[in-house]
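J.: Take a look and give me a structure for this.
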Amino acid sequence: MYSQHNTGLPPGRMYYTSLLPQQRNHNIFENPQRMNISSGCSYYNELSVTAASSVTVHESYKRQKMWSCSMEEESLKIQTKEPSSPKRKVRYTKGGYRKWSHSKLHSPLSFPDKFVLLSYNILGDANASNHSDLYCHISPDTMDWSSRKRLICQELDMWKPDLMCFQEVDHFDELVQEFEKNGYSGIFKGRTGGEKDGCAIFWKSHRFRLLQEESIEFKELDLRNNVAQLCVFELNQNWMNVQRDNSREPVGVNSLQADINKKGRRVVIGNIHVLFNPKRGDIKLGQVRVLLQEAHALSEKWGKAAVVIAGDFNSTPQLDLLEHDRRQISGQVESVPGSDSGISKMRTYKRNRYRWEDDELKNASGSLECTRIKHPLKLFSAYACVQGSAWIRDGSGEPLATSYHSKFLGTVDYIWHSEGLIPLRVLDTLPLDVLRQMNGLPSEKWGSDHLCLACEFAFATDQMGDDSKR
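T.: A predicted model of the protein is given here:
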């Protein structure tokens with residue numbers, strides 16, 4: 001599916017684009033630079049892989065607002081510090097309080113067709129039992145699935161999402177019974193290899209119609225037992241008409257807008273739980289590569305429908321492309337959360353060369369003959385595109401932490417979207433000091449060791465007048 005290109009670079013190297021948000025055009029500079037990358041709103045870098053040799057990073061773009069780069073001659077020190085002392089506008093009570101951050105660029109009144117998408121790793125019951133060492137500070141009553149399910153359902157009722165992407169689901173039937181009461185339909189895809197959990201997508205039946213459902217079993221591609229889901233939804237025409245009536249939109253819409261209304265609003269939703277193993281960055285890249293490839297195919301099939309990709313990617317925003325060893329490429333750091341946690345931990349890497357084997361290159365790129373690959377989707381981070389507080393966001397705009405247990409405090413969950421959608425607001429996470437007061441998740445208030453992410457999207461073609469351009 002991917003073809004070779006004459007890059008003009010030294011022979012024997014494999015060039016491929018990292019699976020990060022893209023910009024419209026790209027260039028490859030001859031002189032590689034060593035970089036630490038924090039995923040941003042609309043940028044990507046190119047990663048070159050020397051067959052059975054080493055990995056280096058080529059800078060495709062100058063850093064704009066959302067990227068952080070740090071370079072040294074012999075070593076690179078990576079440190080993300082907590083904010084000094086900005087004034088808080090929200091007083092956080094025990095257990096935490098979450099709020100929405102609204103876009104300063106787009107008014108929700110300009111968009112009649114909107115929907116809220118939520119992504120949530122709800123902590124599988126079996127996984128919690130099999131990894132009890134991660135929750136040694138959490139009481140058995142708090143870890144009980146019935147208690148956690150109640151908290152999760154209560155939380156979801158607060159955010160009122162239209163679409164929900166869940167990971168680590170192993171009580172799907174129970175969730176169906178709960179969500180059907182509120183008008184949701186759902187589908188499930190279990191992990192292969194005898195695992196008990198999987199991914200699930202739920203949607204409001206009166207708002208969306210399911211047009212197509214696909215699933216990916218990565219085992220078929222020798223990429224472990226993880227799975228992913230892809231669904232194509234269309235916003236129900238009746239709902240669209242009601243929304244337009246409520247917004248009192250002028251009757252005399254132009255012909256283009258009328259044509260859009262006739263075809264309906266379609267969106268491709270991708271849901272994934274990427275392999276956890278921090279030592280197999282090649283597998284992680286391969287899984288995301290396949291998901292984006294399939295998402296693009298569905299988008300093209302359904303008239304270039306907008307795309308949202310959500311889930312637990314088991315990779316931090318500081319995706320460590322600098323680290324040549326594929327065993328460290330995800331940026332995951334195992335450390336006891338605290339003053340010296342993975343968030344603020346300083347790591348020094350010495351210049352080294354790691355030899356990628358043929359099977360690792362094939363896992364990441366899909367083919368030993370492929371010299372350069374890239375995904376065709378132009379993706380943006382929903383959170384990075386909506387300004388948030390320094391107490392809860394890093395330099396790239398991503399949350400400082402979406403997951404917290406005894407061995408990790410950091411961000412591994414994301415929501416990405418294509419150009420066809422505009423984020424109007426995102427659900428903020430919690431400050432690090434508030435999380436540390438809990439000694440880990442789940443807690444008496446939150447039902448999982450992850451915090452859910454949510455974003456309200458508008459279809460970009462809705463907006464009229466000068467504000468239609470992003």
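
J.: Do me a favour and get the end-to-end distance for stretch 387-403?
T.: The stretch stretch 387-403 measures 21 Å between its terminal residues, going by Cα to Cα, to the nearest Å.

J.: So for it, what gets flagged as buried?
T.: Buried positions in stretch 387-403, judged by neighbour count with 16 or more other Cβ atoms under 10 Å: 388-389, 391-403. All C-beta spots, glycine's among them, are computed from the backbone N, C-alpha and C.

J.: Let's test this: mean pLDDT of that stretch, rounded?
T.: Per-residue pLDDT values across stretch 387-403 average out to 96.

J.: just stretch 314-334 next, same as before
T.: pLDDT averaged over stretch 314-334 equals 64, rounded to a whole number.

J.: Check stretch 121-138 too.
T.: Along stretch 121-138, the predicted local confidence has a mean pLDDT of 97.

J.: Give me the below-cutoff pLDDT ranges for the stretch 251-400 of the chain.
T.: The model of the stretch 251-400 of the chain has pLDDT under 70 over residues 251-263, 319-354, 371-373.

J.: Walking through the protein, point out its helices one by one.
T.: Using DSSP state H, the helices of the chain run over 125-130, 140-143, 145-159, 172-180, 237-247, 255-263, 281-301, 358-365, 432-438.

J.: Pick the most buried one from those helices.
T.: Using mean count of other Cβ atoms under 10 Å, the stretch among the helices of the chain with the largest mean neighbour count is helix 281-301, at a mean of 21.

J.: Next, the angle helix 358-365 makes with that helix.
T.: Angle between the axes of helix 281-301 and helix 358-365 is 30 degrees (criterion: axes from the mean of the first three to the mean of the last three Cα atoms, to 10 degrees).

J.: For residue 144, grab the count of nearby residues.
T.: 14 (other Cβ atoms under 10 Å).

J.: could I get the helices of the chain as a markdown table with distance to residue 419?
T.: Supplementary listing: those in a markdown table, determined by distance: least, Cβ to Cβ, whole Å:
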| stretch | distance to residue 419 |
| --- | --- |
| helix 125-130 | 36 |
| helix 140-143 | 42 |
| helix 145-159 | 25 |
| helix 172-180 | 31 |
| helix 237-247 | 21 |
| helix 255-263 | 15 |
| helix 281-301 | 11 |
| helix 358-365 | 25 |
| helix 432-438 | 33 |
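
J.: quick one, which of the ones you listed is nearest to residue 412?
T.: Taking Cβ to Cβ, helix 281-301 is the member of these nearest to residue 412, at 10.8 Å.

J.: Mind checking the helices of the chain for the one nearest to residue 194?
T.: Residue 194 lies closest, by Cβ to Cβ, to one member of those: helix 125-130, at 11.1 Å.

J.: which residues sit against that closest one?
T.: Helix 125-130 has contacts (Cβ atoms under 8 Å, 6 or more residues apart in numbering) with 135, 143, 145, 168, 170-171, 196-197, 449.

J.: Please look at residue 214 and residue 227 and confirm they touch.
T.: No: here residue 214 lies out of contact with residue 227, judged by Cβ atoms under 8 Å, at a distance of 11.1 Å.

J.: Compare those two (neighbour count), which wins?
T.: With neighbours defined as other Cβ under 10 Å, residue 214 and residue 227 compare such that residue 227 has more, 24 against 16.

J.: Quickly list what the more buried one is bridged to.
T.: Beta-bridge pairing for residue 227 (DSSP bridges): residue 217.

J.: Surely it touches residue 187?
T.: No: Residue 227 is beyond contact range of residue 187, at 11.9 Å (criterion: Cβ under 8 Å).

J.: OK, contacts around residue 157?
T.: With contacts defined as Cβ under 8 Å, 6+ apart, residue 157 is in contact with residue 182.

J.: State the distance from it to residue 150.
T.: With the distance defined as Cβ to Cβ, to the nearest Å, residue 157 ends up 11 Å from residue 150.

J.: and the gap between residue 302 and residue 177?
T.: When residue 302 is compared with residue 177 (using Cβ to Cβ), they lie 31 Å apart.

J.: before we move on, what about residue 366?
T.: Residue 366 sits 40 Å away from residue 177, going by Cβ to Cβ.

J.: Show me the beta-bridge partners of the closest residue to residue 213 other than its chain neighbours.
T.: Residue nearest to residue 213 in three dimensions, not counting chain neighbours: residue 231, with 5.3 Å by Cβ to Cβ, 6 or more residues apart in numbering. Beta-bridge partners for residue 231, by DSSP bridges, are residue 213, residue 269.

J.: Surely residue 231 is in contact with residue 210?
T.: Yes: with contact defined as Cβ under 8 Å, residue 231 reaches residue 210; the gap is 6.2 Å.

J.: Between the two, which is the more surrounded one?
T.: Taking residue 231 and residue 210 together and counting by other Cβ under 10 Å, residue 231 has the greater number of neighbours (22 against 15).

J.: Let's see the pLDDT reported for the more buried one.
T.: We note a pLDDT of 98 for residue 231 in this prediction.

J.: buried residues in stretch 299-313?
T.: Of the residues in stretch 299-313, 299, 302, 305-313 count as buried by neighbour count, 16+ other Cβ under 10 Å.

J.: now residue 267, nearest residue through space, not along the chain?
T.: That would be residue 306: by Cβ to Cβ, 6+ apart, it lies 4.7 Å from residue 267.

J.: who's in contact with the one you found?
T.: For residue 306, the residues meeting the contact criterion (Cβ under 8 Å, 6+ apart) are 266-268, 299, 417-421, 459-460.

J.: now with 10 Å?
T.: Listed by Cβ atoms under 10 Å, 6 or more residues apart in numbering, the contact set of residue 306 reads 265-269, 299, 417-422, 457, 459-461.

J.: now, among those, which is nearest to residue 100?
T.: The shortest distance between residue 100 and any of those, using Cβ to Cβ, involves residue 457 and amounts to 13.2 Å.

J.: Against residue 386, how distant is the closest one?
T.: Counting by Cβ to Cβ, the gap between residue 457 and residue 386 amounts to 11 Å.

J.: between these two, what contacts are shared?
T.: For the pair residue 457 and residue 386, residues contacting each of them under the criterion Cβ under 10 Å, 6+ apart are 422-425.

J.: So which of the residues you listed are in strands?
T.: Within these, membership in strands is found for 422-425, as judged by DSSP state E.

J.: What is the nearest of the residues you listed to residue 112?
T.: Distances from residue 112 to those, taken by Cβ to Cβ, are shortest for residue 424, at 12.1 Å.

J.: Does the closest one touch residue 458 like I think?
T.: Yes: in this structure residue 424 lies within contact range of residue 458 using Cβ atoms under 10 Å: 5.5 Å.

J.: which neighbours do the two share?
T.: With contacts taken as Cβ under 10 Å, 6+ apart, the residues that reach both residue 424 and residue 458 are 103, 106-108, 110-111, 114.

J.: Now, of the residues you listed, which are buried?
T.: Buried members of these, counted by 16+ other Cβ under 10 Å: 103, 106, 110-111, 114.
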